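Colleague: Give me the fold of what follows.
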Amino acid sequence: GGPIIMAQVENEYGSYGSDKDYVKKHLEVIQKELPGVVPFTSDGPNDWMINNGTLPGIVPAMNFGGGAKGAFANLEKHKGKTPRINGEFWVGWFDHWGKPKNGGSTEGFNRDLKWMLENNVSPNLFMAHGGTSFGFMNGANWEGAYTPDVTNYDYGAPISENGTLTDRYRTFRQTIQDYYGDTYKLPEPPAQPEMMELPPITFTEKAGMFNRLPQPVIRKEPVHMEALGQSLGFILYRTKVNGPVKGELKMNNMQDRAIVYVDGKRQGAADRRYKQDACDVVIPAGLHTVDIFVENMGRINFGGQIQGERKGIRGPITLDGKKLENFLIYNLPCKGVELRSFSGKKPGGDQPVFHRGYFNVSNPKDTYLDMRDGWKKGVVWVNGHNLGRFWFIGSQQALYCPGEYLKPGKNEIVVLDVDGGSGTVKGVKEAIYEVNRDPAMADVFRVGKPVAPAASQLVHKGTFAKGADQQEIKFRAPVQARYIALVSKNAHDNGPHAAIAELNFLDASGNLLPREQWSVVYADSHETAGEAAQAGLVMDNQPTTYWHTKWQGDNPTHPHMIVLDLGKVQKLSGFRYLPRQNRENGRIKDYEVYASPKPFKPAK
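Modeller: Residues are numbered from 1 along each chain as shown. You can find the predicted model right below:
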């Protein structure tokens, strides 16, 4: 009901594409439908983001998670003097399954906030208040591999998922109050939310997901969810196979996690996070039923990879090299559980199972449902409300349940576990974050197979300056390359580790290359247990995250190597290196860069 004074044209389009006509069409709609409203664009601070996403004469806002001074300096270089608007100040980051919770440095964020307030910038905290991706609405990122987000969108925000005011909130609040001084007193914050506990809830009723399937769609070849009008949840592909046959079941174009059953018995699984699309299967003699149960674990929400999001299996599906055909395809969007036939009997086979229980509440309040007692992977409903996904690998181990979803007296809870888990659920007052070892990850300490660049492939060596500033390095002459190896010889703190916040490579004209098609093909180690510091973070456009070599349980020493595949052969004139921002250890001192149009030779 209030006045609209500004309207944003697209969102971070410069990170995605360079179609100026497309962005202009959005602008035309705003100018026609909202006359008098000031339009603005909103993009990251890199050269190509600014060039691709902004429009002449339209106010550009800057989005970043650190380096405010450099961001606006680069904007001024490209666009001249403009109103200084910060569209998104990332004071946290996404959390991903199997990775430690992202925290970031409150001190570093606060330093940037102070700079913006002191330098006539309008800041906008992203996120000011964390939240929850209820149901199946979590997203995913691409960090050289598919990385689905956890259910909560706490994001390290100063106001957490359930409304709790954090130390980060109090720090930012003091900084803003200091900025106003005596001219304005900030209002007092509200009271902290009142949370409640629940005693362990037991489950006495069960229902097998495959015991009551909907009418199937019959197709000769597998098709993805969207082709059948489904966007979320699960999908089941069923066919008959004559045995005996033993070999690899390959599910081409599978998204995102598949469990394979033969006659109801689980034989294997494949996980897109690890670029798996196959598992070994043994079929006895005779005619047997093969089921492939696929979960949509969330759609990539940023960058060029969003174009390829088609959930389920596009196929073909082969077994021991031979194509499988004639599928019954069952859509399982799991919009609710009210039609399930529950009983006290255990469903047959290894199929996904719904578990139902009840609990009483006298005075409903918010709570967190602790899923650590025996549960493996699945979804939780309370009184028909889908609270979201859980997964024992963490880091999120408890699901936020608002008091509004509860009622005085008897309440229903249903847990779907797709991996055979079962147990109890209790309510706790605080969020829980723990990471457990994921048995599907073959090697968490190293990415890919070791390579040995030849001396003839060395294109540059040098010494990075000490400190946290971004550094631009130019090669003596442009090089043609698809594969780049950066070798850290030592660190400024003389420690055993290497760390990189961001790597960007420059084309022949000195502009930044788009990174959507990049991937990490090798890193001698990365830390995934003590913190979320996987190798792919060198190209996630987030300066507060970083690749860090392993430090928990083992401390491999220099030299360290990371190898990138740029997706195609390109002419490179140099690169930009951003050290980790929050601490000194791991900042690289002496380094070497190797380049090649073809993959580097394997190490012996």
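
Colleague: Apart from its chain neighbours, what residue comes closest to residue 488?
Modeller: Closest residue to residue 488 apart from its sequence neighbours, by CB to CB, 6 or more residues apart in numbering: residue 498 at 3.8 Å. Just so you know, the C-beta spots here come from the backbone N, C-alpha and C atoms, and that holds for glycine as well.

Colleague: ok, that neighbour - how many residues close by?
Modeller: Residue neighbour count, defined by other CB atoms under 10 Å, stands at 32 for residue 498.

Colleague: same deal with the one 3 residues further on?
Modeller: Around residue 501 sit 27 other residues, with neighbours defined as other CB under 10 Å.

Colleague: Please apply the same query to the one 4 residues further on.
Modeller: By other CB under 10 Å, the residues close to residue 505 number 21.

Colleague: For it, name its beta-bridge partners.
Modeller: Beta-bridge partners of residue 505, counted by DSSP bridges, are residue 575.

Colleague: For it, report the pLDDT, please.
Modeller: Residue 505 carries a pLDDT value of 94.

Colleague: Also residue 510?
Modeller: Taking residue 510 on its own, its pLDDT is 89.

Colleague: Per the annotation, how does this structure divide into domains?
Modeller: 6-183, 198-207+340-428, 213-332, 455-596 (automatic domain parsing).

Colleague: Format those domains as JSON lines; extra columns: distance to residue 435.
Modeller: Converted to JSON lines, the domains of the chain look like this (distance: least, CB to CB, whole Å):
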{"stretch": "domain 6-183", "distance to residue 435": "5"}
{"stretch": "domain 198-207+340-428", "distance to residue 435": "4"}
{"stretch": "domain 213-332", "distance to residue 435": "14"}
{"stretch": "domain 455-596", "distance to residue 435": "6"}
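
Colleague: of the ones you listed, which approaches residue 189 most closely?
Modeller: Shortest distance between residue 189 and these, using CB to CB, is found for domain 6-183: 5.7 Å.

Colleague: How far does the closest one stretch from one end to the other?
Modeller: Looking at domain 6-183, the gap from its leading to its trailing residue is 27 Å under the measure CA to CA, to the nearest Å.

Colleague: just how off-centre is it within its chain?
Modeller: A distance of 17 Å separates the centroid of the chain from that of domain 6-183, by CA atoms, centre = their mean, to the nearest Å.

Colleague: Show the contacting residues for the residue nearest to residue 488.
Modeller: In this structure, residue 498 makes contact with 488, 491, 547, 548, 549, 558, 560, 586, 588, judged by CB atoms under 8 Å, 6 or more residues apart in numbering.

Colleague: Can you tell me which of those residues comes closest to residue 365?
Modeller: Comparing the contacts of residue 498 against residue 365 with CB to CB places residue 548 closest, at 39.5 Å.

Colleague: Just confirm the closest one contacts residue 528, I think it does.
Modeller: No. Using CB atoms under 8 Å, residue 548 is not in contact with residue 528; the gap is 9.8 Å.

Colleague: Between these two, point out the one with more neighbours.
Modeller: Neighbours of residue 548 and residue 528, each counted by other CB under 10 Å, are more numerous for residue 548; the result is 27 against 22.

Colleague: That one bridge partners, please.
Modeller: In this structure, residue 548 bridges to residue 499 when assessed by DSSP bridges.

Colleague: List the contacts of it.
Modeller: Contacts for residue 548 (CB under 8 Å, 6+ apart) come out as 497, 498, 499, 526, 527, 531, 533, 580, 586.

Colleague: Could you check the pLDDT of it?
Modeller: Spelled out, the predicted local distance difference test score at residue 548 is 95.

Colleague: And it, how close does it get to residue 292?
Modeller: Distance check for residue 548 against residue 292: by CB to CB, to the nearest Å, it reads 37 Å.

Colleague: Pull the residues that contact stretch 121-134.
Modeller: Stretch 121-134 is contacted from outside by 63, 68, 72, 83-92, 113, 115-117, 139, 149, 151-161, 163, 172, 385-388, 400, using CB under 8 Å, 6+ apart.

Colleague: So which of those belong to helices?
Modeller: Those of the contacts of stretch 121-134 mapping onto helices are 68, 72, 113, 115, 116, 117, 172, per DSSP state H.

Colleague: ok, so of those residues, who is nearest residue 254?
Modeller: Minimum separation from residue 254 among these (CB to CB) is found for residue 68, which lies at 41.4 Å.
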